[in-house]
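A.B. asks: Predicted coordinates and the sequence they were generated for:
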Amino acid sequence: MNGLIPNVGRLLICVLVWTFFQMLASSALAEVPGTWYLDAQLNDVAFIDDRHGIAVGDHGAIWQTDDAGRQWRQIPSGTDAHLASVYFTDPQHGWAVGGHQQPYSTQTRGVVLTTSDGGMTWKTMPEQSLPKLTGVRFEDTRHGWAVGHGSHMFPTGLFETTDGGRSWRSLPGTQNTHFQKFAVLPGGELLLAGVKGNLSLADRGGIRKPTILVDPLRDMQDIVVAGSKEATAVGEGGLILNSSNAGTSWEVIAPGPLQQTDRQVDFYAVERLGKHVWIAGDPGSFVLHSSDGGKSFSTQKLPTTATIRAIFFRSETTGWAVGSLGTILHTSDGGQTWTVQRQGGQRLALLGIFHDASIIPYELVSHHAGSQGYLTGMEVINRPMPQTGKSRPPLADALLHSGANVGHTAWQFPAYDAQLKLTGDQMSKTWDAANDGQGLTAAESYLVQRIRQWKPTVVLTDYADPTGKDPLAYMINQLVLRAVERAGDADSFPEQLSELGLVPWTVSRVCSVVPEGQNGSITLNATQISPQLAMSLSEHAGVSRGIATSQLVDAPSTLELKVLRSSGLLEGRLSDIFTGLSVPAGKGARRPPQQMPLVDLAQLQRASQKRRNMFEMINHAVKDEQRGALLLGQMLKLSEDLPPARSVEVLAHLASKANESGNLSLAADMHHQIVRNYPSHVLAERSAAWLLGYYASSEMQFLSRGSVEFATPTAPKEVPDAEGAEEPSGIATVSFDDPTNYKSPTKSPERAAKLIAELNQTMPQVLADPSLAFLLERLHAEQGHSRQGESYIRRLLNLGQENPWCRRAQWELVLGRGSSQVDAPAVAANYEESKPVLDGRLNDRVWQTGKPVDFQAGTLSPEAGAPPAAMIVGFDDDYLYLAIRCMKSKNFRYEAPGQRARERDADLQTTDRVHIYLDLDRDYATSYCLSVDYRGRTADSLSGNMAWNPNWYVAADQDATTWTIEAAIPFKELSAQVLQPGDTWGMAVQRVIVSEGTEAWPASPLYEMGPTEFGLLQFQ
């Protein structure tokens, strides 16, 4: 490969990579400290007979008993995956399944364990690129099923094996979803319980349509059958459903004893034997029991409040329940009384309550939970609206990596993207819609319940900015302070005491996270090395944040906190949030002291400091156009001494910054290093996708048309022999002043073909990604393999009509046959020879002959008072023309027109603006984005590359009720190809009004429209 890295250096790096390859193969996840197993949440339990049982849970925890649970002992699992389900077909043969959420990615990774000695030993089945699994059942030692997340290679979330779990296939289906649990009917049909209220039927032919979608806000969590046709399913918000016809139809059952609290209870577990039904969940202070098949229920009290995740009954009298904090409960009288057989803790020391998973201080969690053993949980009171297409963030997985115990996002408080910065009143209205018009009251009651359930010593929450910059954070802060006050008052929400069995609780201290750059009363140094974690807090927390946000984020080195309330008087600064509070180790809210691992603290400190320095150098180098390339080019050498997981993070950060700054050649070089040398790392998939876009996208190739690469390095400098002189590195120095070191980039089809061949061997799951199918089709077509390229498009047809990639595949197949009659949202660009005068007044001929296209509902709708907007598109031989007219919002304050000079890439995040997306080659992966606000100020980018700065022309005008823009975009700024009659581009246009919402063409509720939202722009 020609590029920045000299040949000798490349060889040295390969040696270093393979030295650490086995260390890297388990991804970026850290090794789990031993004491974490004691309070790891248990997710399932099964008894082989009356005495032998197995419970499985987080961090690969497996507990085994051979005396009906009087004693439980830990069994090595060989994995740190979160085990979700266990099943035995006979006393010897059993399976356990689970998996990981991948950091820096939306993808998951599954694991399958098997035992042939009754659970005494377990072995991991070979890696099969399975996604995370959540349920498993076998009918014999060879044939079984599993459910879980969908993935590129296994899209439906339902899997079947016929060889005992050695290999799995994805059963077909017309829906793409995430199933939590399933049950097997006597005839072999499957009843599936999934997210967004999904209850479905399946057989060996695949998944049928859902028989019912109960509530898109509430996930179904568990399902069980009794006899040939009876079934019960449970879910969030107190959902209980019964079926008497094998799941063909369902009846919603009211949980009778929970008259006032049913919507605040989440049911995770159901068990049924004949007419006896047991249901439990969160809070885990009670079990609902029915003796008439679920027609009526009574309450059975539990000696805990920890969440119950699974129930198993051997008979109508003998059963077990397992859940959070390592809890195992037992009953021998049908649930009338329950006793604790084991538990790793009774309550939480720290409970965080935030409005967004991305702002949780994971460094603090790594410090207090991961290092110091404080039992910790985090609650997010803000879940994505279903219509946004976003799922709840994998908060539990992120926090488990940091050593915490509980991560939960409440279902009943939906919201649009936080970046819209909606007001508190607007947010409360969305909550009202989900809570019978009582959103704020429901939120306060819910927070009081969580405090009473978990009994935290310290509560941590959002910062209440007095300037109102973040209204939602301010609202959460005030709700938390109110809930803390009322949680200790027995007269507040008394139904929680009478119906749920919760008791008042007094919180000792309330703290908030202070924004970066402000001082608090507590400072946490995130760069400090944790011996327990064998790395710095920032390094450890970075993976947790990467799981929660799917991004590689460079966090600040210090964290400031402020004490809002505290029992007792406090003076001056505190050393940490628990200063002066008694939470003894080994008691109910803190782990016992763990043995310190043998680590070289000085070496860890040097490596951590070096990593921080490198990130800082990268950030500064990108801003230095003259010396930037030289500094960035040294990162490969500097990263050699870092552990592989840290080294690949540095390279990924460098690649990202290089892309943002417009140095695409350097970005490609770094991504190649990651893909070739670190194929097992989770960041390699992202690098591979970027490279495919780099080679296939006409926009990317047009942007990099003038770039150069390094042809050969200059010779290494001679190092004179001298005492104390360092050994030569073997890496040649590149001279940036020598013109012989530059050449034109290697022809991309050749490098692309080599990349695809590499991916076939090392990362086949990348080539199965639907979002890359059009890139792969383009690359194969360039190499003369059109039929093979088209196969990538045709396989998308199997995803079903509801899938946006399937619809785009249909468009492309029609357009590929030369037809312009496509069943797709389309805008016709009108040809006009006379050029408009750009003054913002829309009185030119091109606008008079063009056809206006109205924007459609996004997060705003006409019913909600959305100010209408429309556009007209025209063109001539030189320019693409756009006219957009927007009715002014009554809630936004517009500035009068000024004479301020236009700047490059203005900050438009706080205005009323329009984003214009153009995908010239319809690869549905990379696109131009041109933004303009009501004042005519502009910004532009190419798939995150802010260095793309085209010369385009804009005029704006406004009156009392409307604002308009006229834009002329030269074709020569977009492509080197001459526009031909009948050409079709991908296109979307979105209007964003800060603190209000969005509207778009085509209709989209997303804050940032992506390729799956695009329509077509047709030139006539």
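C.D. replies: Good, I have the coordinates. Numbering: from 1, shown residues only.

A.B. asks: Next, please give the residue ranges for the strands of the stretch 401-550 of the chain.
C.D. replies: Taking DSSP state E, counting those that start in this stretch, the strands of the stretch 401-550 of the chain run over residues 406-409, 414-415, 458-461, 509-514, 522-525, 529-530, 535-536.

A.B. asks: who does the longest one pair up with?
C.D. replies: The one in question is strand 509-514. Strands that pair with strand 509-514, judged by DSSP bridges, come out as strand 458-461 (parallel), strand 558-566 (antiparallel).

A.B. asks: Please identify the deepest-packed of the ones you listed.
C.D. replies: Highest mean neighbour count of these: strand 458-461, a mean of 26 (counted as mean count of other C-beta atoms under 10 Å). For the C-beta atoms, the positions are set from N, CA and C on the backbone; glycine is no exception.

A.B. asks: hmm, back to that, how about the strands of the stretch 401-550 of the chain in CSV, adding distance to residue 282 and mean pLDDT?
C.D. replies: Converted to CSV, the strands of the stretch 401-550 of the chain look like this (distance: least, C-beta to C-beta, whole Å; pLDDT from 0 to 100):
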stretch, distance to residue 282, mean pLDDT
strand 406-409, 8, 96
strand 414-415, 19, 88
strand 458-461, 18, 98
strand 509-514, 23, 95
strand 522-525, 30, 92
strand 529-530, 30, 85
strand 535-536, 33, 86
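
A.B. asks: Out of these, which is the most enclosed?
C.D. replies: Per residue and on average, the most neighbours among the strands of the stretch 401-550 of the chain fall to strand 458-461, with a mean of 26 (mean count of other C-beta under 10 Å).

A.B. asks: Any regions of the chain where pLDDT drops low?
C.D. replies: Applying pLDDT under 70 to the chain flags the ranges 1-31, 174-176, 569, 571, 596-600, 617, 619-641, 706-748, 861-865, 898-901.

A.B. asks: helices and strands around the longest helix anywhere in it, which ones?
C.D. replies: In the chain, taking DSSP state H as the definition, the longest helix is helix 601-623. Secondary structure elements in contact with helix 601-623, counted by 3 or more C-beta pairs under 8 Å, 6 or more residues apart in numbering; DSSP states H and E, are strand 529-530, strand 535-536, helix 537-549, helix 628-633, helix 635-638, helix 644-661.

A.B. asks: what do you get if the cut-off is 7 Å, keeping everything else the same?
C.D. replies: Secondary structure elements in contact with helix 601-623, counted by 3 or more C-beta pairs under 7 Å, 6 or more residues apart in numbering; DSSP states H and E, are strand 529-530, strand 535-536, helix 628-633, helix 635-638, helix 644-661.

A.B. asks: can you give me the strands for the stretch 51-200 of the chain?
C.D. replies: Ranges of strands in the stretch 51-200 of the chain, per DSSP E, counting those that start in this stretch, are 53-57, 62-65, 73-74, 82-88, 94-101, 108-115, 123-124, 133-138, 144-148, 158-161, 169-170, 179-184, 190-194, 198-203.

A.B. asks: ok, the last one: who's next to it in the sheet?
C.D. replies: Spelled out, that is strand 198-203. Each strand that pairs with strand 198-203, with its direction, by DSSP bridges: strand 190-194 (antiparallel), strand 206-213 (antiparallel).

A.B. asks: list the buried ones in it?
C.D. replies: 198, 199, 200, 201, 202 (16 or more other C-beta atoms under 10 Å).

A.B. asks: Need the residues you listed in CSV (columns: distance to residue 950).
C.D. replies: Written out in CSV, the entries for those read as follows (distance: C-beta to C-beta, whole Å):
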residue, distance to residue 950
198, 45
199, 51
200, 48
201, 53
202, 51
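
A.B. asks: Among these, which one sits closest to residue 303?
C.D. replies: Proximity of the buried residues of strand 198-203 to residue 303 was ranked by C-beta to C-beta; the top entry is residue 199 with 32.5 Å.

A.B. asks: Excluding covalently adjacent residues, which one is nearest to that closest one?
C.D. replies: Once flanking residues are discounted, residue 199 sits nearest to residue 212: 5.0 Å by C-beta to C-beta, 6 or more residues apart in numbering.

A.B. asks: for the stretch 251-400 of the chain, what spans make up the helices?
C.D. replies: With DSSP state H, counting those that start in this stretch applied, the stretch 251-400 of the chain shows helices at 362-365, 395-402, listed in chain order.

A.B. asks: For residue 457, which of those is the nearest?
C.D. replies: The closest of the helices of the stretch 251-400 of the chain to residue 457 is helix 362-365. By C-beta to C-beta, the value is 14.5 Å.

A.B. asks: Would you point to the one among the helices of the stretch 251-400 of the chain that's packed deepest?
C.D. replies: The most buried stretch of those, if neighbours are counted by mean count of other C-beta under 10 Å, is helix 362-365, with a mean of 29.

A.B. asks: In terms of secondary structure, what does that helix contact?
C.D. replies: Contact analysis of helix 362-365 by 3+ C-beta pairs under 7 Å, 6+ apart lists helix 395-402, helix 537-549 as its packing neighbours.

A.B. asks: Let's see that with 8 Å instead.
C.D. replies: Secondary-structure packing of helix 362-365 (3+ C-beta pairs under 8 Å, 6+ apart): helix 395-402, helix 537-549, strand 558-566.

A.B. asks: Let me have those in JSON lines, adding distance to residue 433 as columns.
C.D. replies: JSON lines is the format used below for those (distance: least, C-beta to C-beta, whole Å):
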{"stretch": "helix 395-402", "distance to residue 433": "23"}
{"stretch": "helix 537-549", "distance to residue 433": "26"}
{"stretch": "strand 558-566", "distance to residue 433": "30"}
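
A.B. asks: Just tell me which of these ends up closest to residue 804.
C.D. replies: Of all the helices and strands packed on helix 362-365, helix 537-549 sits nearest to residue 804, with 23.0 Å by C-beta to C-beta.

A.B. asks: got the CA positions of the closest one in CSV?
C.D. replies: In CSV, the C-alpha atoms belonging to helix 537-549 read as follows (Å, rounded to 0.1, in the frame of the first residue of the first chain):
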residue,chain,number,x,y,z
LEU,A,537,-10.5,6.0,34.8
SER,A,538,-10.8,7.9,31.5
GLU,A,539,-9.6,4.9,29.5
HIS,A,540,-12.0,2.5,31.3
ALA,A,541,-14.9,4.9,31.1
GLY,A,542,-14.3,5.6,27.4
VAL,A,543,-15.4,2.1,26.5
SER,A,544,-18.6,2.5,28.6
ARG,A,545,-19.3,5.8,26.9
GLY,A,546,-18.6,4.1,23.5
ILE,A,547,-21.2,1.4,24.4
ALA,A,548,-23.8,4.0,25.4
THR,A,549,-23.3,6.4,22.5
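
A.B. asks: Check which helices and strands it is in contact with.
C.D. replies: Packed against helix 537-549, as judged by 3+ C-beta pairs under 8 Å, 6+ apart, are the following elements: helix 362-365, helix 395-402, helix 601-623.

A.B. asks: Can you tell me the SS state at residue 815?
C.D. replies: At residue 815 the chain is in helix, as set by DSSP: H, G, I helix; E, B strand; the rest coil.

A.B. asks: What is the neighbour count of it?
C.D. replies: A count of neighbours around residue 815, defined by other C-beta atoms under 10 Å, yields 18.

A.B. asks: What residues does it make contact with?
C.D. replies: 822, 922, 984 (C-beta atoms under 8 Å, 6 or more residues apart in numbering).

A.B. asks: The first one: neighbour count?
C.D. replies: Yep, that's residue 822 we're talking about. Residue 822 has 17 nearby residues by other C-beta under 10 Å.

A.B. asks: correct me, but it touches residue 1017?
C.D. replies: No. The pair residue 822 / residue 1017 is not scored as a contact, 11.8 Å apart, by C-beta atoms under 8 Å.

A.B. asks: re the thing from before, who wins for proximity to residue 264 among the helices of the stretch 251-400 of the chain?
C.D. replies: Nearest of those to residue 264, taken as C-beta to C-beta: helix 395-402 at 18.7 Å.
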